[in-house]
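*Asks:* predicted structure and sequence below. I'll ask about it afterward.
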Amino acid sequence: MSIKEALKKVQDSIESGVTLVAVSKTHAADVVMQAYDEGVRIFGENKVQEMCAKAQCMPSDIEWHLIGHLQSNKIKYIAPFVSMIQSVDSMALLEKINAAAIKAGRVIDCLLEVHIASEESKFGLTVEQAREIALSPSLKELTGVRVRGLMTMASFTDDSEQIRKEFTAVKNLYDQIKEKNTAFDTLSMGMSGDYKIAMQCGSTMVRVGSSIFGVRDYSSK
């Protein structure tokens, strides 16, 4: 199946009001351009270096989303152009993004990454940590960032009920925060294998890669 055909199949399955982020990590710019030529303008990357390289050679109207772990010493490289950082996993990181954004004369949209999956992970906030940051009065002092919601990844499992349970838990957290923080408008949940369940659970943004671009080749990465 061509990228054009695969993309249309995904787009046709996405509910109204849900934003598609085409995950382009590990795919060459000329491959990613095939999706761009079909109208996609939001792309997700895991690594700063790869995002910067693609941003330099691809059209300037692309919205780049960083969806992988962000090391604080690399913020300065993406601050001038990144549209959204979906993987904020500490208040300290948010403060450093804020400083880099102000230096670049920008306001960067951010999501708080919530670790809800059963697998162990070095990254991601607990439910309580995410709630604490999202409702912190000090957020108003961070004029270079706009915390717009939450991002999460479900467990890597074929158990759809477990996936649904995890997505529902994050949706409940999102709703609780949104009642007190009106800036919240984005819930990024769901990837190629589970985005349909995520939409059923209230996701407003899905991150789809392999269903569009095919299985990634990591052998040269």
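*Replies:* In hand now; what should we look at?
*Asks:* CA only for contacts and neighbour counts going forward, please
*Replies:* Will do.
*Asks:* low-confidence ranges in this protein?
*Replies:* Low-confidence segments of the chain (pLDDT under 70): 216-221.
*Asks:* could you pull out the helices in it for me?
*Replies:* With DSSP state H as the criterion, the chain has helices at 3-13, 29-36, 48-57, 75-78, 91-103, 127-134, 160-180, 195-200, 210-213.
*Asks:* same list (those) but as CSV, adding mean neighbour count and distance to residue 84.
*Replies:* Formatted as CSV, the helices of the chain follow (neighbours: other Cα atoms under 10 Å; distance: least, Cα to Cα, whole Å):
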stretch, mean neighbour count, distance to residue 84
helix 3-13, 15, 21
helix 29-36, 17, 18
helix 48-57, 16, 12
helix 75-78, 18, 10
helix 91-103, 20, 11
helix 127-134, 18, 16
helix 160-180, 17, 18
helix 195-200, 19, 20
helix 210-213, 20, 21
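*Asks:* Throw those into JSON lines and include distance to residue 143, thanks.
*Replies:* Below are the helices of the chain laid out as JSON lines (distance: least, Cα to Cα, whole Å):
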{"stretch": "helix 3-13", "distance to residue 143": "35"}
{"stretch": "helix 29-36", "distance to residue 143": "32"}
{"stretch": "helix 48-57", "distance to residue 143": "23"}
{"stretch": "helix 75-78", "distance to residue 143": "16"}
{"stretch": "helix 91-103", "distance to residue 143": "7"}
{"stretch": "helix 127-134", "distance to residue 143": "15"}
{"stretch": "helix 160-180", "distance to residue 143": "19"}
{"stretch": "helix 195-200", "distance to residue 143": "31"}
{"stretch": "helix 210-213", "distance to residue 143": "36"}
